[in-house]
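K.L.:
Need a 3D model of the sequence below.
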Amino acid sequence: MPIWPAVGAGERVVFLIDASSRLERRLLARWIEENRPDDFASERVETIEIPPSRRGRRRRLAPELEATLAAPGDPTMAPLRVIWRGALREDGRRTPSLLSLLTIGDPRDPSWLRQLFVRWRDPDRCVIVAAEPATRTNLHGRWLDAAGSGPAETAGFADFVAQKAALALERAERSLRGARYKVPRLVHEELLSRPAFRGGLDQLVASQRAEGKTDVSHAALAAEAASDLREIAATHSRFVIDLVISIIRWLYTRGYDEELVYSDEQMRGIAALEERHPVVFLPTHKHNLDHLVLQYALHQHGLPPNHTAGGINMNFFPVGQLVRRAGVFFIRRTFKDDPVYKHVLSHYVDYLIEKRFPLEWYIEGGRSRSGKLLPPRYGLLGNVVDAYRRGKSDDVHLVPVSIAYDQIQGLGSYVEEQRGGEKQTESFGWFLGMVRQMRRRYGRIHLAFGEPVSLRQQLGAPGAELAPGERYDLEKLAFEVCVRINRVTPITPTSLVTLALLGTTGQALTVEGTRQSLENLLENVRLRGLPSTADLDHLKENAGVAATLEALVENDVVTRFDEGIEPVFGIADDQQLSAAYYRNTVVHFFVSGAIAELALLHAIEGDRNEVLPRFWDEVMRLRDLLKFEFFFPEKEAFRSEIRTTLELNHRSWEKRVSEYELDPEDMIRRMRPYLAHRVLRPFLESYRVVADQLANLSPETAFDEKRFLKDCLGLGRQYELQQRIHAADSVSKALFQTALRLAANRDLLGSAASETDPERRPDLARARREFAEEVADAVRRVDIIVALAAQRRAGFSS
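P.N.:
Sure thing, here's the model as predicted:
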């Protein structure tokens, strides 16, 4: 760093020393003397210590700094620090091992005794860092700018200079250590002293006094805000980051393969993106390992830890304290009635976006218990959009992340919750239980990154705040992220095998029979160029099919019967929810084909001249029926998707049908593969349970969701016993809840007006019956596809 040339003629250079021991002070003093030009008089050199950033007793700011800043002249302030590095490993890295971290401690923050030993034994591990210097005049101008309404309302000038020196040293140190240790410093000091933050508190004081709360004061709200910030903010520690990375590797390799599967090219693209813009990672949430394996992969590629939003329920000892220092910030489940908390969270996100620290949270909010991507949550996304529109950055990139597992550890708890069981409360005991369960082998973990979503491209240039009540852009953004996640989610052997077996309606298959049932599915994946794992082609051979089946048997997802001539594999009723989880991770790829089948069946039941209009009307009606279940593209894009899907089996089908060259019934018979019974049956049968339960509910009865869901579980089991539904995974609390969202959207749950106004009750009852009939008709057509598929398996159709 060119310190000496930056010093004005006749001016002094003041070294702001960040030292934690006598040895460091001696090393810095020697460095200054050795690097001082011969023509630069020693009388023009001054050293002042600032509070040390690492080990040692925290000292108050030296009074000499205040005196120097108040003295005449324009000295150059030059921050200086000693950094200590880990030992060089054979792979060229200096990352410490878990054993050394636990036994020796952080090599970057050695005790004074260990400093002496390292300096004697391995002097290359000790490096002097000089940060970018700045003149007093420059710093004073920045201080006045930061003060906003005046210097009396911000931190003292000396404190400001010390803070900027510490931040400059962090940047200089990062250039040596790499971006993986890019973490914020002095968050509390910077954020709480910002004029915009203090001004917002003044507005809250005024609004609360207007509401009659005369005892509220700025000081009281400032203290509350400081407490909230301590509750929310991550408190990064490089030592804990290394420690957590080592623990992550130990933890996930207990049950999964050591090598995470992802694209190095994608990682390089993300690294380049982070150099230019703030980045927000929005991963799927399938397992509690999701954030950990993403953090590990980013760290291995030299990227900094994300500031990851976590539910306050995960802030239990000792996990909460550990992960907070590795980058997690905790958010309360609800805080809509706490304006101070909302103010603090909003400005914390502003700060992270402005400083280009990467963020991360689950776009779904919570873990998916069904395997399918859940509807997005908008809360934090709204904070990021607000920060962008307020001009905190010229762009923000949202990175969709799909995290897929060959098999899921702890899947049994998901199944119990879908059957109506209560979610287990997170605690240290719960965490130990999860670790103990990581004894079996669950295969590999796959990470895929979708095309980033640019806020500038989606929303235009920054500057305008989101208007009150405006949500369209936010919903569209979240929807686009989810679409891009689905687009890159890989099809695994586990997901495709369960998709095939669940379509046999209970029939067990041999290895050869399973391979044959996969042929058309594999061809569909190939023709459409769908994303898949490298080992999907193994399903073309019996050996690959057998290996996948045996892995599913080991984890109680599939049952093997081997007391006959040859082993057969099937999915028992009590295993269907488990198997459905894996199928649902990729079911979105096959929804358009399934809808096309049902729409064709509907079309041929009418006038031949009206086949195409009836077909397209039914396509759009089914799209509307399932709009809360799947992320459909815009209507015209969806029509194009349907056309392309049918083109795989029937070239120029629309033109040929309209010209009577192609028989629609023949189209259905020649569909390969049949999809509706594999893809839509459980969802439609689940909707049927909800629709029938609603139809049987008196319009006079107030709707109670908790009781209604319990009644649906009972009715679903009744229908299952009566064989009125055939997919045991249809009896799912998660599916019932989605069906209720559709019913609420159609105003079928009733309202206070319909409960008290006798004239509205018949309309509600009729609408509920029509909904039940609509779903029942769709289920009837799925049963036709089941029969056609059975004929094909039996060899009765081509």
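K.L.:
How about the contacts made by Tyr582?
P.N.:
Gly371, Gln407, Ile408, Thr492, Thr494, Ser495, Thr498, Val557 (CB atoms under 8 Å, 6 or more residues apart in numbering). (C-beta placed from N, C-alpha, C; glycine too.)
K.L.:
Check these and tell me the two furthest apart.
P.N.:
Thr492 and Val557 (12.9 Å; CB to CB).
K.L.:
So which bits of the helix or strand that contains Ile32 are buried?
P.N.:
Assigned by DSSP states H and E, Ile32 belongs to helix 22-35. Neighbour-count burial for helix 22-35 flags Leu23, Glu24, Leu27, Leu28, Ile32 (criterion: 16 or more other CB atoms under 10 Å).
K.L.:
secondary structure class for the closest residue in space to the last one that isn't next to it in sequence?
P.N.:
To tie it back to what came earlier, the one meant is Ile32. Among residues not flanking Ile32 along the chain, Phe15 sits closest, at 6.0 Å (CB to CB, 6 or more residues apart in numbering). Following DSSP: H, G, I helix; E, B strand; the rest coil, Phe15 is assigned to strand.
K.L.:
After the helix holding Ile32, which helix or strand is next? Please name it.
P.N.:
That would be, after helix 22-35 and using DSSP H and E, strand 45-49.
K.L.:
now that next one and helix 22-35, what's the angle there?
P.N.:
160 degrees (axes from the mean of the first three to the mean of the last three CA atoms, to 10 degrees).
K.L.:
which helices and strands sit right next to strand 45-49?
P.N.:
Using 3 or more CB pairs under 8 Å, 6 or more residues apart in numbering; DSSP states H and E, the elements in contact with strand 45-49 are strand 13-18, helix 22-35, helix 63-70.
K.L.:
now with 10 Å?
P.N.:
The contact analysis (3 or more CB pairs under 10 Å, 6 or more residues apart in numbering; DSSP states H and E) places strand 45-49 against strand 13-18, helix 22-35, helix 63-70, strand 76-84, helix 157-177.
K.L.:
how about these in CSV, adding distance to Asp202?
P.N.:
Converted to CSV, the helices and strands packed on strand 45-49 look like this (distance: least, CB to CB, whole Å):
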stretch, distance to Asp202
strand 13-18, 33
helix 22-35, 43
helix 63-70, 29
strand 76-84, 33
helix 157-177, 22
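K.L.:
how about the ones you listed, which one is nearest His140?
P.N.:
Nearest to His140, of the helices and strands packed on strand 45-49 and by CB to CB, is helix 157-177 at 6.7 Å.
K.L.:
now the angle between strand 45-49 and that closest one, please.
P.N.:
90 degrees.
K.L.:
Name the residues of helix 157-177 that come out as buried.
P.N.:
So helix 157-177, judged by 16+ other CB under 10 Å, has buried residues 157-170, 172-174, 177.
K.L.:
counting contacts, what elements does that helix pack onto?
P.N.:
Using 3+ CB pairs under 10 Å, 6+ apart: helix 157-177 touches strand 13-18, strand 45-49, helix 63-70, strand 76-84, strand 126-130, strand 134-135, helix 136-147, helix 187-192.
K.L.:
I'd guessed Val161 sits against Leu61; true?
P.N.:
Yes - Val161 sits in contact with Leu61 when judged by CB atoms under 10 Å, with a separation of 9.3 Å.
K.L.:
Overlap of the contact sets of these two?
P.N.:
Listed contacts common to Val161 and Leu61 are Ile48, Ile50; contacts here mean CB atoms under 10 Å, 6 or more residues apart in numbering.
K.L.:
Scan the helices and strands of the chain for the one with the lowest mean pLDDT.
P.N.:
Of all helical and strand segments in the chain, the minimum by mean pLDDT, DSSP states H and E falls on helix 752-756, at a mean of 49.
K.L.:
next SSE after that one?
P.N.:
Downstream of helix 752-756 (by DSSP H and E), the next one is helix 761-794.
K.L.:
Check which helices and strands that following helix sits against.
P.N.:
helix 511-528, helix 591-604, helix 611-625, helix 664-669, helix 676-679, helix 681-695, helix 733-745, helix 752-756.
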